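**Q** quick one, what's the 3D model for this:
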Amino acid sequence: YNEYKSYLSKKRGMTTSYEPVSDDQTDSWDENDRSVTQMGCFNWRPRFLECINNPPAFVVVFGLSNLFMVMSYGVLGLIIPTLETVFNLTSKQTGFILMANDISGTFAAIILSNYLSARKTRWISIGMWIIVFSALIPASTTLFVEYPVPNTREGVKDTGLCNSTFGVAPSDSAGAYAVRNHRYWWLHVAGSVLQGIGGTPPGIAGSTYMDEIFTQKAFGFAISLLYIVSFLGYPLSLMVGSFFLTFYVTFDTPVGLSPNDKEWVGAWWLGLTVPSLLVLLLSAFLVLYPRQMPAAKKVLEHKIKKGITTAKEKKTELSRNFAEITKDALPALKRIFKNKALNFLLIGDCFLFLHIGVYNFIPKIYSLIYRISTDKLGYMIGVSNIVGFGGGLFAGGLLMMKKTWTPKTLQFILMTTSFVSLPFSLGVLLYCPANSYAGIDTAYPNTHLNFNSSLLSDCNTDCLCTTAFYEPVCDGETTYFSACYAGCQIENDDGTSYSNCTCTASGRATKGDCGGLCMDTFWIAITLVTISNFFLFSGFAAHAIVYQRIVSEVDRSLAQGIRQTATRALGTLPSPLLFGWILDKFCLVWRKTKDGTSGNCWIYDIDQLVLWFIVAQTIIKLLNSTCYFLCWYYFPHPNLSNTPVERYELRNVSANDSQTSLELKGNGTGNHDHFLGVPAVDLPVAASPLLSPRLGLR
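**A** As a prediction, this is how the structure comes out:
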């Protein structure tokens, strides 16, 4: 503080006086009040619960709760293709399901963020309970929706051949059941809305509660472990969800049907139900944690010694009632939005979450460009994410344990990891060559009509084909939408080939598309993406500490709430719309039933899809990294970066165009080597909002 005061006096010709203001250095809670420091509920506070009333145990319980919470909605990205088929949804509609989460979460963060600073563990548990209902509501639709009855006749699967009198009606019914199910899709929207509300309290109150029970060094490593466990929920949801999808949705597998068939509908609802029940179990322990752990007292003493907070400020945070919190809301917002570095950090986070939002579509995009079935792809992406997400978070946590970094250095680490991750994310440019589809991007071999980009040709006009279901066949060079569109009239005894195909050059065709797998390309691409994720997530521990130190102790929950509001409203909210729009834009063949109702997309323009996907991702990542750089650039001086400016009373003694005199009263903590939130001192004092004598900030 004295260094800063001397610098101002010399630079601006200011006269400053410093007077210690008496500060109550008493404890912020009463050690004799069992309801504050001991685990339990109401008057029930048994001693055996004290064995888990410590920071490591809380990290374990809260981490596992987050793990299963992430699994309960992380599986949605894997089951999107199944939901689109069962409920007749477009990519925009599935995007809206994802978006509903962020809409509700945005409003929940706005309303709740300033009220989560006191009863943190209670709010965390309430959020977990809402998450449970958010998963069970959409999962319950499996009890009353219709599922496709495979085209069977006396136990033999129908072929859907050209002019098959049995094949036409079931083809129509294959789309009709999904049209009838479409009326229930709003339950998935309702579940997503509850998910956004329930995820807000754990996201805001969890990290601030941990900051109270760990020192900065330990907090960096602890938050990394929490992030590792939480983010592992996403790859585990893909792996567990892939396992559940190998079971038929009703557990009564139709004769002749396997998970490799396009008509297969896996048990998608298990991926929602099982993790949510585990969340319910663990939340019963979270609600028993006290308002303040006994370990929090030593952490508070350390923060007071370092000048990060004061006992009086901490006591105010814990004891404020509803009316006091509401009254302080507007001044607190002013304090936060005057912080230029924080504003750039918030904007950068919005672009970060806009980028992360595409992860919900990754299984679908990869299955399209690498032609790998969803049940197998889930395991591969899961392993990649464990190495990328988990490895990066663990490395970042170890880096935080190495020493006590200044907040500006932490921001530099965050900026660097963001920039380095960018080039590796371009690995998706390596993808399998797109198939050539007859009637879509190439003409039918046996046709006398000019190519007009239509599945119908003179060789299959009389076949009464439909796009209600997709069963591709190949003649060796060209892929056909189905055996019917290939004009095939006979299915051979081997069950995998057809003959008398009027649209193919050879008159024969085999099941499946012509592309096949290109696993070498896939492994190279996913390795590069894994490296990108490793660098990106290695900066998350530094990111968490920066947010806890960039504002005052009493404003931490509000700052976290603003972050959740901004990142949801401007990041994860538009992300499903953006990438859902890109997917729908390059759809070549839509599912259509007999009455003309459109549903999900069957075939995409792969080249254009990958190009637009990469361009969008690159622009978003560049903007994210640039904002992190600006945050670092405008960050306060590294030696003046921990004590909040609100703890000093700025009063106008005399001011004119050339000179401003201020009287600054310290809080009497005895350590003023750090000063957070003060704008760059080479700006004119009169133009500096936090030093303006008109504001009279405390």
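**Q** tell me the pLDDT at the residue lying closest to G127 once chain neighbours are set aside?
**A** The shortest distance from G127 to any non-neighbouring residue, by Cβ to Cβ, 6 or more residues apart in numbering, is to P201 (3.5 Å). (Each C-beta comes from the backbone N, C-alpha and C, glycine too.) Note on P201: pLDDT of 86.
**Q** can you check T165 too?
**A** What the model reports as pLDDT for T165 is 45.
**Q** same check on Y648?
**A** 34.
**Q** what do you get for L288?
**A** So, for L288, pLDDT stands at 86.
**Q** ok, the residue nearest to G127 touching T121?
**A** No. In this structure, P201 is not within contact of T121 by Cβ atoms under 8 Å, at 9.8 Å.
**Q** gap between G266 and K338?
**A** 52 Å (Cβ to Cβ, to the nearest Å).
**Q** more neighbours, these two?
**A** Between G266 and K338, G266 has the larger neighbour count (other Cβ atoms under 10 Å), namely 23 against 18.
**Q** do you know how far the closest residue to the more buried one other than its chain neighbours is from P254?
**A** Once flanking residues are discounted, G266 sits nearest to L245: 3.0 Å by Cβ to Cβ, 6+ apart. For L245, the distance to P254 (Cβ to Cβ) stands at 16 Å.
**Q** repeat that for Y604.
**A** From Y604 over to P254 the distance is 28 Å, taken as Cβ to Cβ.
**Q** where along the stretch 251-400 of the chain do the helices fall?
**A** Applying DSSP state H, counting those that start in this stretch to the stretch 251-400 of the chain gives helices spanning 270-286, 296-306, 311-319, 322-327, 329-337, 340-356, 362-370, 374-385, 391-402.
**Q** distance to Y470 and mean neighbour count for the ones you listed - can I get that in JSON lines?
**A** Shown next, in JSON lines, are these (distance: least, Cβ to Cβ, whole Å; neighbours: other Cβ atoms under 10 Å):
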{"stretch": "helix 270-286", "distance to Y470": "23", "mean neighbour count": "20"}
{"stretch": "helix 296-306", "distance to Y470": "58", "mean neighbour count": "17"}
{"stretch": "helix 311-319", "distance to Y470": "58", "mean neighbour count": "18"}
{"stretch": "helix 322-327", "distance to Y470": "55", "mean neighbour count": "12"}
{"stretch": "helix 329-337", "distance to Y470": "51", "mean neighbour count": "16"}
{"stretch": "helix 340-356", "distance to Y470": "31", "mean neighbour count": "23"}
{"stretch": "helix 362-370", "distance to Y470": "13", "mean neighbour count": "21"}
{"stretch": "helix 374-385", "distance to Y470": "14", "mean neighbour count": "21"}
{"stretch": "helix 391-402", "distance to Y470": "38", "mean neighbour count": "20"}
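**Q** which one of those helices lies closest to M99?
**A** Nearest of these to M99, taken as Cβ to Cβ: helix 340-356 at 12.3 Å.
**Q** re the thing from before, number of residues surrounding the residue nearest to G127?
**A** By the criterion of other Cβ under 10 Å, P201 has 27 neighbours.
**Q** mind listing what's buried along the helix or strand harbouring it?
**A** For P201, the host element (DSSP states H and E) is helix 185-213. Buried residues in helix 185-213, counted by 16 or more other Cβ atoms under 10 Å: 185, 187-213.
**Q** what's the answer for stretch 601-611, then?
**A** C601, W602, I603, Y604, D605, I606, L609, V610.
**Q** list the buried ones in the host helix or strand of the last one?
**A** Right, V610. Secondary structure from DSSP H and E places V610 in helix 606-634. For helix 606-634, a neighbour-count test (16+ other Cβ under 10 Å) marks 606, 609-610, 612-613, 616-617, 620-621, 623-632, 634 as buried.
**Q** quick check, G495 in a helix?
**A** No. G495 is assigned coil when assessed by DSSP: H, G, I helix; E, B strand; the rest coil, not a helix.
**Q** for it, give its distance to V255.
**A** Distance of G495 to V255, given as Cβ to Cβ: 13 Å.
**Q** that'll do, ta.
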